[in-house]
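Asks: with the sequence up front, the predicted model follows.
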Amino acid sequence: MKNTASKLTLIASLLALAFAFAAPVARAADDDAAKAEKKKKKMEADLKKYDKNGNGKLDADEEAARKADMDKAKAEKEAKKNKN
């Protein structure tokens, strides 16, 4: 490391390497936050749709209705996929 150019090249290389590793981590954190928000909205929508007694949670019969609808949607999706 005798001259300034070599030092600057080393520093620039190290910074580039640091940013190369930092970008995917930041992107993954954004993806996780987006997934969590999407899951929260889905749970709120399910609660609004299936909570018949309005107690703020899904009871066994309400959960069974939700699962039945999910299974029906999954079967329809599979049938459509197999049809094509």
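Replies: Thanks, I have the structure now. Keep in mind that this is a model prediction, so the values were computed, not measured. Numbers count the residues shown, from 1 in each chain.
Asks: state the distance from the residue nearest the centre of the chain to Asp69.
Replies: The centre of the chain sits closest to Lys35, judged by C-alpha atoms, centre = their mean, with a distance of 2.3 Å. According to C-beta to C-beta, to the nearest Å, Lys35 stands 22 Å off from Asp69. Using the backbone N, CA and C atoms, a C-beta is placed for each residue, glycine as well.
Asks: next structured bit after the lowest-mean-pLDDT helix or strand in the chain?
Replies: For the chain, counting by mean pLDDT, DSSP states H and E, helix 4-50 ranks last in confidence among helices and strands (a mean of 83). Sequence order places helix 60-83 as the next helix or strand after helix 4-50, per DSSP states H and E.
Asks: tell me the gap between that next one and the middle of its chain.
Replies: 21 Å (C-alpha atoms, centre = their mean, to the nearest Å).
Asks: export it as PDB, just CAs?
Replies: Taking C-alpha atoms only, helix 60-83 is exported to PDB below (Å, rounded to 0.1, in the frame of the first residue of the first chain):
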ATOM      1  CA  ALA A  60     -64.200 -24.200  16.100                       C
ATOM      2  CA  ASP A  61     -67.200 -24.000  13.800                       C
ATOM      3  CA  GLU A  62     -66.100 -20.700  12.300                       C
ATOM      4  CA  GLU A  63     -62.600 -22.200  11.700                       C
ATOM      5  CA  ALA A  64     -64.200 -25.300  10.100                       C
ATOM      6  CA  ALA A  65     -66.200 -23.100   7.700                       C
ATOM      7  CA  ARG A  66     -63.000 -21.200   6.800                       C
ATOM      8  CA  LYS A  67     -61.100 -24.400   6.200                       C
ATOM      9  CA  ALA A  68     -63.900 -25.800   4.100                       C
ATOM     10  CA  ASP A  69     -63.900 -22.700   1.900                       C
ATOM     11  CA  MET A  70     -60.100 -22.900   1.600                       C
ATOM     12  CA  ASP A  71     -60.300 -26.600   0.600                       C
ATOM     13  CA  LYS A  72     -63.000 -25.800  -2.000                       C
ATOM     14  CA  ALA A  73     -60.900 -23.000  -3.500                       C
ATOM     15  CA  LYS A  74     -57.900 -25.200  -3.600                       C
ATOM     16  CA  ALA A  75     -59.800 -28.000  -5.300                       C
ATOM     17  CA  GLU A  76     -61.200 -25.600  -7.900                       C
ATOM     18  CA  LYS A  77     -57.700 -24.200  -8.500                       C
ATOM     19  CA  GLU A  78     -56.400 -27.800  -9.000                       C
ATOM     20  CA  ALA A  79     -59.200 -28.700 -11.300                       C
ATOM     21  CA  LYS A  80     -58.600 -25.600 -13.400                       C
ATOM     22  CA  LYS A  81     -54.900 -26.400 -13.500                       C
ATOM     23  CA  ASN A  82     -55.500 -29.900 -14.600                       C
ATOM     24  CA  LYS A  83     -58.000 -28.800 -17.200                       C
END
